[in-house]
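Visitor: everything below, folded, please.
(one chain, ligands or ions: 1)
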Amino acid sequence: MTTSFHPPQRTLMGPGPSDINPRVLAAMARPTLGHLDPEFIRMMDEVKDLLRYAFQTKNEMTFAVSAPGSAGMECCFVNLVEPGDEVIVCQNGVFGGRMKENVERCGGTAIMVQDAWGEPVDPNKVEAALKNHPDTKVLAFVHAETSTGAQSDVKALTSLAQQYGCLSIADTVTSLGGIPLKVDEWAIDAVYSGSQKCLSCSPGLSPVSFGARAIEKIQARTSKVQSWFLDLQLVMSYWGGDGKRAYHHTAPINLLYGLHEALVILKDEGIESSWARHLRNHLALRAGFEAMGLSFVVREEFRLPQLNAVSVPEGIDEAAVRSALLNDYSIEIGAGLGAMAGRIWRIGLMGHSSTPKNVYACLGAMDAVLSAMNAPINTGVAVAEAKNALLP
Ligand code: PLP
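Guide: The predicted structure follows:
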């Protein structure tokens, strides 16, 4: 007989989802309201305000798409790219490749600017591409490449977009809440994120925000947005700010309670404190791994504190290590993707998962598992080094 599903209690330290704060889980278990109930609408308005805080923006058009980060990505592209548009897409990992797919499915032409995996996007290459393609309408890039653990300089890229008269789309799925992201100050025209990384809510929502230049472009479109569900003009009849709410789709009501709570937690902590916490715990994890003799893939100045790409020692079966961590310690870490498969582990310290306790648990378990495999590591030192790094 099929019975209720009771998942094991894991510690989620992969590339996302991260562990969900019990306050967020409790919020999601509260009674479901009708999605046009005035109390629910009041909460949606608060979600919009809280997202403006998280994104550091005053953009009116700020809300959560009712679907995961990939839908936020698609929402930006289908609304901002028209057939025939040239779009410069920066690729330094998996997700730039997905942006290219989006551009092409919108009938646009993707001009690819490639950087090695593990490296940031090179603004010089982007500038050269903008010079070669003066009709470029949009510049798209990933702020925090989850596949490699590298971050790119958003401000340098949006400055180029402005200088060369095109719009910018930034993927901030892994950056929002974990590292500095300032949508208004950095003049990002369109931005999307995900609920399941540094916000530590359930997967399934994609916060987005569009600035005035992006909205002008959407209003000047001569072709219909090919996705009914993601057409911003239609979605905003539901999420709009004028108090009148018309049915567009049925919102994932309880999931939005969760996002609301996650954002209240972020605001209570303070966004700068959240960024500082992510950095502190990363430095402790790093101290532990380096003491063990393992190295980081990304150059220090471009490392993401929330996504740590660590090289697998020679001769070690990386998948066996992940299985041992999961089965014996209930800790999930991630594998490498694409060109990095088999060569790295991706260790997330995102949102509610970014704690000293998780740093110690992960290092202790790694030490035990790798020692049992006779890996060439310094054993018994990692946790103490991490603790030292966390001393005030
Ligand atoms: N962009 C980046 C940088 C991501 O890391 C992810 C997911 O890991 C996505 C986009 C897609 O988000 P989702 O899996 O929520 O659809």
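
Visitor: how about the helices in this protein?
Guide: In the chain, the helices defined using DSSP state H lie at 22-28, 38-55, 69-80, 94-105, 123-132, 154-163, 212-219, 232-239, 253-269, 271-292, 318-329, 356-372, 382-389.

Visitor: near the ligand, which residues of the stretch 51-200 of the chain are found?
Guide: Listed as neighbours of the ligand in the stretch 51-200 of the chain under the rule CB under 6 Å from any ligand atom: P68, G69, S70, M73, F95, V142, T146, D171, V173, T174, G194. For glycine as for every other residue, the C-beta is placed from the backbone atoms N, C-alpha and C.

Visitor: repeat that with 8 Å
Guide: Listed as neighbours of the ligand in the stretch 51-200 of the chain under the rule CB under 8 Å from any ligand atom: 67-73, 93-95, 98, 142-147, 171, 173-174, 192, 194-197.

Visitor: which residues touch the helix-or-strand element of the chain with minimal mean pLDDT?
Guide: Within the chain, no helix or strand scores below helix 232-239, which has a mean of 85 by mean pLDDT, DSSP states H and E. Here helix 232-239 makes contact (CB atoms under 8 Å, 6 or more residues apart in numbering) with 44, 48, 61, 63, 65, 75, 79, 210, 218, 225, 228-229, 245-249, 251.

Visitor: just the buried residues of those residues.
Guide: For the contacts of helix 232-239, a burial check counting by 16 or more other CB atoms under 10 Å picks out 44, 48, 61, 63, 65, 75, 79, 210, 218, 225, 229, 245, 248, 251.

Visitor: what does the pLDDT read for the nearest residue to M43 once chain neighbours are set aside?
Guide: Using CB to CB, 6 or more residues apart in numbering and skipping residues adjacent in sequence, the residue nearest M43 is H260, 5.8 Å away. If you check H260, the pLDDT there is 98.

Visitor: could you list the low-confidence segments of the chain?
Guide: Under the criterion pLDDT under 70, the flagged ranges of the chain are 241-243.

Visitor: for the ligand, what's its nearest residue on it.
Guide: Minimum separation of the chain from the ligand (CB to the nearest ligand atom) falls at G69, amounting to 2.6 Å.

Visitor: hmm, V173 and that residue touching each other?
Guide: Yes - proximity of G69 to V173 meets the contact threshold set by CB atoms under 8 Å, at 4.3 Å.

Visitor: list residues touching both of those two?
Guide: Taking CB under 8 Å, 6+ apart as the contact rule, G69 and V173 both touch Y192, S193, G194, S206.

Visitor: closest one of those to F302?
Guide: For the shared contacts of G69 and V173, the closest approach to F302 (CB to CB) belongs to S193, at 19.8 Å.

Visitor: in contact with the nearest residue to that closest one once chain neighbours are set aside, which residues?
Guide: Using CB to CB, 6+ apart and skipping the chain neighbours, the partner closest in space to S193 is L176 (4.0 Å). Contact analysis of L176 by CB under 8 Å, 6+ apart lists A54, F55, S193, G194, K197, C198, L199, P207.
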